[in-house]
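Asker: below are the sequence and a predicted model; questions follow.
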Number of protein chains: 2
Amino acid sequence: MTKLPTYLVPSRSAKRAHYDRESIDPILDEALYCTVSYAADNRPFSIPTAFVRYGDKIYIHGSVGSHFIRELEKGIPVCISVTLMDALVVAKSAFHHSVNYRSVVIFATAEKITGHAGKTEALKWITEKMVPNSWDYLRPIKDNEVAKTTVLAFSLEEAAAKIRTGMPSDDKEDELLPIWSGLIPLPKRRLAPLPDDLSLNIPLPPHLL
Amino acid sequence: MTKLPTYLVPSRSAKRAHYDRESIDPILDEALYCTVSYAADNRPFSIPTAFVRYGDKIYIHGSVGSHFIRELEKGIPVCISVTLMDALVVAKSAFHHSVNYRSVVIFATAEKITGHAGKTEALKWITEKMVPNSWDYLRPIKDNEVAKTTVLAFSLEEAAAKIRTGMPSDDKEDELLPIWSGLIPLPKRRLAPLPDDLSLNIPLPPHLL
């Protein structure tokens, strides 16, 4: 890893911070969206969007006409935030309530992917993150669909993860109070696929079973 | 509602935008965290944090020593983003893949809550959003815990929701292709509480059952 700029080093809860890709990548690979922020005239703007990590970069896409995408492709500074909430941490005091979470923050500028093949490949990665192994099953992407889409890549060089795990940390003097403390897990699940009206008689393909 | 500034009006997908509190509030009330962004020297910074909506404002809290909180309390422009992902939208073409989501974006500046009673009340709202009806059961909050905590409020006057619901919108010419299309629901659940070692013999209180 490169040496981190000071703004990446958290001043509090420093023990929750991680800068290694072994900590960062699994969070990026599990999360289905990121929140992308940029500033214009020192005013912040944030937009949630789908993304995929592939190698040392993450990729987002959008309409070539999107105001958001056109701002980012200028190469302005961007902050990308990814958060997974795993559990509520219920302590014996309100003060020690917390959340078990895994989050990543990335500071980067956009690199516009310009070649047709490179754009198509990134769109495949984004699609297969949502629905693994689905690309070859779908109606093939058309040249004009690729042309209508902008793909932007962001380096993971300046990235950090923050992770909280485990049980509540109550004050020593509260430990014997007869007040329940523990975790409420918050799992995200994929339920069974629901067909639309056009697919009632189409068998689910193996990658969706 | 006040008339919206132009930066709140989406240029694309305008039909997905909503500016009424009947659309905005349920999203804020369901989401357990928001992503708060601000800019310094035109560089964006984003941090996920717990929040609660109460009336016409949302409230966040943090340590009085937190760099993030101290930046926000200066009254600089802030963008707050809240996102709920409800389902993956699986179309017959990659191009029409989408996500059913409900999101809110808020533009505001922080109002610092200074009175002890007002701060305590906001901390109660935040705690009871995580665990409804739990405040009176917990070890009472201490004056120095309130003193160590900064509470910031943000008006909902400049807020907008974006919502996608429903099935995929494939191209007319693709509708009869024998390719499965539909939704994969992504519900978030609260599982049964898991006690920590100090609570193995403490009955679950009624508000956690």
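Answerer: Right, received. Where do you want to start?

Asker: which elements pack onto the top strand by length along chain A?
Answerer: Looking across chain A with DSSP state E, the single longest strand is strand A:78-90. Using 3 or more C-beta pairs under 8 Å, 6 or more residues apart in numbering or on different chains; DSSP states H and E as the contact test, the elements touching strand A:78-90 are helix A:21-30, strand A:34-40, strand A:98-108, strand A:182-185, strand B:34-40, strand B:43-49. In this view, the C-beta of every residue, glycine as well, is placed from N, C-alpha and C.

Asker: can I get the ones you listed in JSON lines including mean neighbour count and distance to residue B:128?
Answerer: Listed next are the helices and strands packed on strand A:78-90 as JSON lines, based on neighbours: other C-beta atoms under 10 Å in any protein chain shown; distance: least, C-beta to C-beta, whole Å:
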{"stretch": "helix A:21-30", "mean neighbour count": "16", "distance to residue B:128": "29"}
{"stretch": "strand A:34-40", "mean neighbour count": "25", "distance to residue B:128": "26"}
{"stretch": "strand A:98-108", "mean neighbour count": "22", "distance to residue B:128": "15"}
{"stretch": "strand A:182-185", "mean neighbour count": "19", "distance to residue B:128": "14"}
{"stretch": "strand B:34-40", "mean neighbour count": "25", "distance to residue B:128": "17"}
{"stretch": "strand B:43-49", "mean neighbour count": "23", "distance to residue B:128": "17"}
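
Asker: distance to residue B:150 and mean pLDDT added to the ones you listed, as CSV?
Answerer: CSV is the format used below for those (distance: least, C-beta to C-beta, whole Å; pLDDT from 0 to 100):
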stretch, distance to residue B:150, mean pLDDT
helix A:21-30, 28, 98
strand A:34-40, 22, 97
strand A:98-108, 17, 98
strand A:182-185, 26, 98
strand B:34-40, 13, 97
strand B:43-49, 12, 97
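
Asker: and the ones you listed: which comes nearest residue B:72?
Answerer: Nearest of the helices and strands packed on strand A:78-90 to residue B:72, taken as C-beta to C-beta: strand B:34-40 at 6.3 Å.

Asker: quick one, that closest one and strand B:98-108 angle?
Answerer: Counting by axes from the mean of the first three to the mean of the last three C-alpha atoms, to 10 degrees, strand B:34-40 lies at 50 degrees to strand B:98-108.

Asker: residue A:166 against residue A:99, yeah?
Answerer: No - using C-beta atoms under 8 Å, residue A:166 makes no contact with residue A:99, being 11.8 Å away.

Asker: out of the helices and strands packed on strand A:78-90, which is closest to residue A:62?
Answerer: Using C-beta to C-beta, the helices and strands packed on strand A:78-90 put strand A:34-40 closest to residue A:62, at 9.9 Å.
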